[in-house]
Structure formats: structure tokens, C-alpha cells
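Asker: Got a predicted structure here, sequence first:
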Amino acid sequence: IAGSALLRSYQRIAAVLLVPLLVAASLFALGAFGDVKTYTAEAPWGEKARLVLPDGSVVLLNAGSRISYTSDFDRRDRRLELDGEAYFEVRKNKGKPFVVSTPYLDVRVTGTKFNVNAYDDEPSVVASLVEGSVDITARSDGRVYRLTPGHSIALAKASGEPEFREVGVGPWAEMHLQEP
């Protein structure tokens, strides 16, 4: 009987230790431990760049543009920062919306094709939708605008006032898309 009581004690201790071990292993697998690195891609003035993000989405950077994203991109969410102009072909994933953040607005999508022009020296930030749908959130007041294909929103930096237009993809993106 003493041996079975000792065995039960060891089983209880093992069960108590197993739970924290499983939690720690799960957090490690999800990337909760370790350094999160920031990656930056840039297209210098006079050049354009094309890159594929870890989730398979394609980004075309216009001249003088830069994006930054972290090493845990696509683990928890799909968020990146944009300075300049970029055209995006976002791989669909309803469980992880894709967010492009600029100092003046955020563009949130689940899978679509769109362009964002957010150069520092422009009076407005412009988001144009080619396919799908996007939600635009103005950072100044939190207002949300939904775009439909073939339309854009120009958000004035000074006033935060929106202006809606009918548009197509910028000619720089159309030309870049045709390259092999």
C-alpha cells in the first residue's frame, strides 16, 4: 500500500508540473518568447520593388517608398507600416485581416487588390481599390469608410476630410504588374 501511495503522489506532482510545461511550450511555439525582429523593404527614388510577404501577399513598392513588418507577421495578424506608395495583392485569410498602417489612416482587408499613396510631402493620403473591399479608418477621429472597386478616398492630412473619386490603378502599378 505504501508503494501505491508513493506512486499516486508522484502522479499528482507530475500532473501539476505538466500543465505549466504545456503552457510554456505552446507560448514558445506561438512565438511569445524570443525577440521579434522588424524587417524593412525599400524602393529608392527612381526605382520600384516587388516583394512577397510571408503570407504569400504581393507588394509593389513605388519609388521612394518603404514598408516595415515584424518577424511574427502572419502568426497573430498581418500588419505592416507604409511610408510612400504601394500596390497590394493580398492573399485571402478571413481569420487574419491584413492591415496597412500610415500616420493618417489604416487600411483593413481580408483579401483584395488595392493601392495606398502615403508620401509625407503630399497633402492627402489616398487609398484606391481595384478588387474586393477595404475598410479605411481615419486615425484622426476613428471614422471608418468602406471602398468599393474602382473608387478611392483621399483623406486630407490637415483637416481629415475625405474626398471620394472613381479611379483605376496607378499607371506605375499597371506597368510593374506586366513585368515578368
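Answerer: Structure's in. What do you need? Quick caveat: nothing in here was measured; it's all calculated off a predicted structure. Residues are numbered from 1 along each chain as shown.

Asker: Confirm for me that Val144 is in contact with Thr137.
Answerer: Yes - if you go by C-beta atoms under 8 Å, Val144 and Thr137 touch, sitting 5.1 Å apart. Any C-beta I mention is one placed from the backbone N, CA and C, and that applies to glycine too.

Asker: What are the buried residues along stretch 86-100?
Answerer: For stretch 86-100, the neighbour count (16 or more other C-beta atoms under 10 Å) marks Ala86, Tyr87, Phe88, Glu89, Val90, Arg91, Asn93, Lys96, Phe98, Val99, Val100 as buried.

Asker: And it, end to end?
Answerer: This stretch, stretch 86-100, spans 10 Å end to end (C-alpha to C-alpha, to the nearest Å).

Asker: Check the average confidence over that stretch, would you?
Answerer: Stretch 86-100 comes out with an average pLDDT of 92.

Asker: what's the answer for stretch 120-129, then?
Answerer: Here stretch 120-129 scores 93 as its mean pLDDT.

Asker: ok, back up a step: among the buried residues of stretch 86-100, which pair sits farthest apart?
Answerer: In these, two members sit farther apart than any others by C-beta to C-beta. They are Tyr87 and Lys96, at 20.4 Å.

Asker: Which residues does the spatially most central residue of the chain form beta bridges with?
Answerer: The centroid of the chain falls nearest to Arg79 when counting by C-alpha atoms, centre = their mean (2.5 Å). Assessed by DSSP bridges, Arg79 has beta-bridge partners Val99.
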